[in-house]
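A.B. asks: Sharing a model prediction with you, sequence too.
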Amino acid sequence: MASVGNGFVDCVNLLLAEGANIQALDVYHRSALHRAVSNHSQAVVTFVILKSSLLRASTLLAKVFSHKFRTLAKTA
């Protein structure tokens, strides 16, 4: 969360690449996006929104494809 709050996009990207959870909350129940907005870190806000959107899109696609494959397997 410190990297997000301080506007360090490269550090945030590295942490995510190493498995950090973009949707994690701190002890005050604040998300990375909340911290970035609170600290006026426009670059980090943009980055976190993009990463969160990609995560949601990939999760949705995985669900759709999983359902399609299960449906195809049942009909085969």
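C.D. replies: Noted; the coordinates are in hand.

A.B. asks: Find the helix or strand that the spatially most central residue of the chain is a member of.
C.D. replies: For the chain, residue 52 is the residue whose C-alpha lies nearest the centre (Cα atoms, centre = their mean; 3.3 Å). If you go by DSSP states H and E, residue 52 is part of helix 42-75.

A.B. asks: follow-up on the earlier one: quick check, the residue nearest to the centre of the chain in contact with residue 22.
C.D. replies: Yes - at 5.7 Å, residue 52 counts as touching residue 22 under the criterion of Cβ atoms under 8 Å. All C-beta atoms are positioned from the backbone trio N, CA, C, and that covers glycine.

A.B. asks: List the contacts of the residue nearest to residue 25 when sequence neighbours are not counted.
C.D. replies: For residue 25, ignoring the flanking residues on the chain, the nearest one in space by Cβ to Cβ, 6 or more residues apart in numbering is residue 31 at 5.8 Å. Counting by Cβ atoms under 8 Å, 6 or more residues apart in numbering, residue 31 touches 23, 24, 25.

A.B. asks: Kindly indicate which of the residues you listed lies nearest residue 15.
C.D. replies: residue 24 (10.3 Å; Cβ to Cβ).

A.B. asks: okay, now that closest one: neighbour count?
C.D. replies: Close neighbours of residue 24, defined as other Cβ atoms under 10 Å, add up to 10.
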